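Student: Only the shape, not the letters, is given here:
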């Protein structure tokens, strides 16, 4: 269950960074926001989840979902 939560949180942070990208043109600020949100998620799940395999699976699928989200936004928002 925690791996699904991490994956969904990562995709939500990617969506938020994309929305912020429409208002903030600096890529540095966007990356800082994304790393902060992802770091908070990982730290929170590390504190509450004793099994690290679920965290690794969540990070893997969350990263895949981020890539898919960014590719879809690049394709359909031109």
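Tutor: Nice, thanks for sending it over. Keep in mind the model is a prediction, meaning the values are calculated, not measured.
Student: okay, residue 75: pLDDT?
Tutor: Looking at residue 75, its pLDDT stands at 82.
Student: Excluding chain neighbours, give the residue nearest to the residue nearest the centre of the chain in space.
Tutor: Central residue of the chain (CA atoms, centre = their mean): residue 10, 2.4 Å from the mean position. Of all residues not flanking residue 10 in the chain, residue 62 sits nearest, at 2.8 Å (CB to CB, 6 or more residues apart in numbering). To be clear about C-beta, it is placed using only N, CA and C from the backbone, and glycine gets the same treatment.
Student: quick one on the thing from earlier: in terms of helices and strands, where is the residue nearest to the centre of the chain?
Tutor: helix 2-23 (DSSP states H and E).
Student: go on, residue 70?
Tutor: Taking DSSP H and E as the criterion, residue 70 maps to helix 52-76.
Student: List the contacts of that helix.
Tutor: 1-11, 13-15, 18, 38, 42, 45-46, 49 (CB atoms under 8 Å, 6 or more residues apart in numbering).
Student: List the contacts of residue 4.
Tutor: Residue 4 is in contact with residue 58, counting by CB under 8 Å, 6+ apart.
Student: what angle separates the helix holding residue 70 from helix 2-23?
Tutor: Angle, helix 52-76 to helix 2-23, by axes from the mean of the first three to the mean of the last three CA atoms, to 10 degrees: 30 degrees.
Student: by contact count, what packs against the helix or strand following the helix holding residue 10?
Tutor: Once the chain leaves helix 2-23, the next helix or strand it forms, by DSSP H and E, is helix 27-48. For helix 27-48, the packing partners by 3 or more CB pairs under 8 Å, 6 or more residues apart in numbering; DSSP states H and E come out as helix 2-23, helix 52-76.
Student: Surely the residue nearest to the centre of the chain touches residue 41?
Tutor: Yes. Counting by CB atoms under 8 Å, residue 10 touches residue 41, with 7.0 Å between them.
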